[in-house]
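> the sequence and its predicted three-dimensional model are supplied below.
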Amino acid sequence: MNFLALAAEILRKDLRIEARSREGVNTLLFFSALLVFLFRFALGPTEAQVRQGAPGLLWFAFILTGLWGMARAFQIERENDCLEALRLVPGDLGGLYLGKVVGGCCVMVATELAIVVMFGLFFHLDLWPAGARLVPVLILGTVGFVAIGTLFAAITAHLKAREVLLPLLLLPLVIPVLLPASRLTELALAGESLGAEPHWLRLLLVFDLVFLVLGYLTFPFVMED
Amino acid sequence: MVRSGTSVVGVSVRGLGKAFRGTWALRGVDLDLAPGETLVLFGPNGSGKTTLLKILATLVRPTRGSGVVNGADLVRARDQIRHRVEILSHGSALYEELSPRENLSFAAAIRGDRPAEGTVAAALERVGLGEVTDERVRTLSSGMKRRITLARLLLRHVDLWLLDEPYTNLDREVTKVLEAALQEHQERGGMAVIATHNFLDGFKLATRLAILARGRLILDEPRGTMTLPAFQELYALRTEGGGR
């Protein structure tokens, strides 16, 4: 089976499961609301403080919910030994990786948008004008995070201490994505062009590409026994 | 194993061994299977039955030895074998939020198959699940889930079936469906390796009988005229003390 067709099948299946499983969506939304609520208390009511801390806090919230999403993507496959059936797929298992990455990005970007909306509501910020610049940053940052996160979620899927190991292994590695994503978010929220500091954009694009290629090439080996 | 023209058909493994962190689960297994044969593998818990099936399915790489399935090497031609093999293992490999129909269609699609219109429904009908094809799997009983895995087995015509404890959670009615399906599989020239503790049903299906104990194949012969009580006696004798 060609890898694009396999990726499409995996994506369709994952999105269908996410859409049907209230457990996943509800938990993510509730967790996101809780985080933003806690930030509200941590930062206080001053708008200047909120604007200064917003990019970092937003990405902190994205990463926390993203970690949960990464772990869940393989929890679905671990249940009933579905992962074993996937390992028996003939052909390029890179398609499986690609399907998981695209599915993970869809879920994570949807959650991020919900967090941004809640952030705007809780802090009385009008984030609509920044939307056109913010969305591409969210997508680029998410691609890098999910690209490497999917690989490590697969590596830790069979380990007993996976809940602890996944963040421990993943968080140091996503720093090259988090730094530019956070800085570009700051630019977007300030209403500045993303091209104002092009090195951050280039850095983010390079790490997205590096993580995607690394994941695609190593994922089939991770899936072997 | 049979030679057909220039290609070799059948299963042949030589000196197969598998160690997990220094502990040998399988040691020096030699096995041959010709088209149309069904080998039923008996053995105590931990004797290596599941490991052998997983090696034949290419899910696990052997530590030692080699083998071929219809001419395709177990290590170097895994993709070829994966097209020709279907495994029914302990886990159902079903997604709880999908329906039986969706699960079967997905399983076929990721193997590159597009089942003809009505094939999935017919397979589910055959195992008695015609009424619940669109229900979510999580709402079904464990017996019904086992039936879905059997329906998945019926979807594809492959060369080799690897069945690990296939009778678990199956009632008499569906056991008969499995027996009939295996008969059809044999008539098509298909091979099967079945690992089980169920002497009564396993013995009935076998054209060959084998016993694994402590990772070694200590008996492998055609069923021939052997009776079930004679085999059970032989099994007890050979596996006494874990087959030492």
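Ah, there it is.
> contact partners for residue 159?
Picked chain A for this. Going by CB atoms under 8 Å, 6 or more residues apart in numbering or on different chains, A:Leu159 touches A:Leu165. Quick note: C-beta positions are derived from backbone N, CA and C, even for glycine.
> please go with chain B instead
Neighbours of B:Asp159 in contact, by CB under 8 Å, 6+ apart: B:Pro35, B:Val69, B:Asn70, B:Arg84, B:Val85, B:Gly189, B:Gly190, B:Met191.
> tell me how far the closest residue to the fifth one other than its chain neighbours lies from A:Glu79.
In space, not counting the residues next to it along the chain, B:Val85 is nearest to B:Leu160; the distance is 4.8 Å by CB to CB, 6 or more residues apart in numbering or on different chains. Counting by CB to CB, to the nearest Å, the separation of B:Leu160 from A:Glu79 is 27 Å.
> and what of A:Gly53?
For A:Gly53, the distance to A:Glu79 - CB to CB - is 39 Å.
> chain center to the worst-scoring helix or strand of chain A on mean pLDDT, what's the gap?
None of the helices or strands of chain A scores lower by mean pLDDT, DSSP states H and E than helix A:22-43, at a mean of 81. On the basis of CA atoms, centre = their mean, to the nearest Å, helix A:22-43 sits 16 Å off its chain's mean C-alpha point.
> same deal with stretch A:169-188?
The answer for stretch A:169-188 is 11 Å, by CA atoms, centre = their mean.
> quick one, which of B:Leu160 and A:Glu79 is more surrounded?
B:Leu160 (22 against 15; other CB atoms under 10 Å in any protein chain shown).
> that one pairs with what?
For B:Leu160, the residues forming beta bridges with it (DSSP bridges) are B:Val85, B:Met191.
> what's the distance between it and B:Leu39?
Counting by CB to CB, the gap from B:Leu160 to B:Leu39 is 10 Å.
> overlap of the contact sets of these two?
B:Met191, B:Ala192, B:Val193.
> if we can go back for a sec, contacts only, for the residue nearest to B:Val85.
Counting by CB under 8 Å, 6+ apart, B:Leu160 makes contact with B:Val11, B:Leu56, B:Val69, B:Asn70, B:Arg84, B:Val85, B:Glu86, B:Gly190, B:Met191, B:Ala192, B:Val193.
> so is the longest helix along chain A next to chain B?
Looking across chain A with DSSP state H, the single longest helix is helix A:47-78. Yes. Using CB under 8 Å from any CB of the partner chain, we find that helix A:47-78 touches chain B at A:Ile76.
> just the helices in chain B please.
Using DSSP H, the helices of chain B run over residues B:49-56, B:78-84, B:100-110, B:119-126, B:142-155, B:172-187, B:199-205, B:228-239.
> out of those helices, flag the one nearest A:Phe145.
Closest of the helices of chain B to A:Phe145 is helix B:100-110, at 25.9 Å (criterion: CB to CB).
> how far away from the center of its chain is that closest one?
20 Å.
> how many neighbours does B:His90 have?
B:His90, neighbours per other CB under 10 Å, totals 12.
> can you check B:Asp171 too?
As a burial measure, B:Asp171 scores 12 neighbours (other CB under 10 Å).
> do the same with A:Val116
Counted with other CB under 10 Å, the neighbours of A:Val116 add up to 25.
> for residue 16, which non-adjacent residue is spatially closest?
Just so you know, I chose chain A. Per CB to CB, 6+ apart, closest to A:Arg16 is B:Leu98, 6.7 Å.
> sorry, I should have been clearer: chain B.
B:Leu16's closest residue in space is B:Gly65 (CB to CB, 6+ apart), at 3.8 Å.
> next, the contact list for the one you found, please.
B:Val13, B:Arg14, B:Gly15, B:Leu16, B:Gly17, B:Gly28, B:Val29.
> rerun at 7 Å
For B:Gly65, the contacting residues are B:Val13, B:Arg14, B:Gly15, B:Leu16, B:Gly17, by CB atoms under 7 Å, 6 or more residues apart in numbering or on different chains.
> please check those residues and keep the buried ones.
Listed as buried from the contacts of B:Gly65 are B:Val13, B:Leu16, B:Gly17; burial here means 16 or more other CB atoms under 10 Å in any protein chain shown.
> about what we covered before: can you give me the neighbour number for the residue nearest to A:Arg16?
19.
> A:Glu112 touches A:Leu138, doesn't it?
Yes. If you go by CB atoms under 7 Å, A:Glu112 and A:Leu138 touch, sitting 5.0 Å apart.
> before we move on, the earlier item: quick check on the residue nearest to A:Arg16: phi, psi?
phi -100, psi 160 (degrees, to the nearest 10).
> and the pLDDT for it?
The confidence metric pLDDT takes the value 96 at B:Leu98.
> next one: A:Gly191
pLDDT at A:Gly191 comes out at 84.
> kindly report the same for B:Val8.
Predicted confidence (pLDDT) for B:Val8: 57.
> please apply the same query to B:Ser4.
pLDDT for B:Ser4: 51.
> please apply the same query to B:Glu117.
Looking at B:Glu117, its pLDDT reads 77.
> cool, and A:Ala157?
86.
> how about A:Met118?
The model's pLDDT for A:Met118 equals 89.
> just give me the neighbour total for it.
Neighbour number of A:Met118 under other CB under 10 Å is 20.
> give the contact list for the nearest residue to A:Gly66 once chain neighbours are set aside.
Nearest residue to A:Gly66 in three dimensions, chain neighbours excluded: A:Met108, at 5.1 Å (CB to CB, 6+ apart). A:Met108 makes contact with A:Gly66, A:Gly69, A:Thr142, A:Val146 under the criterion CB under 7 Å, 6+ apart.
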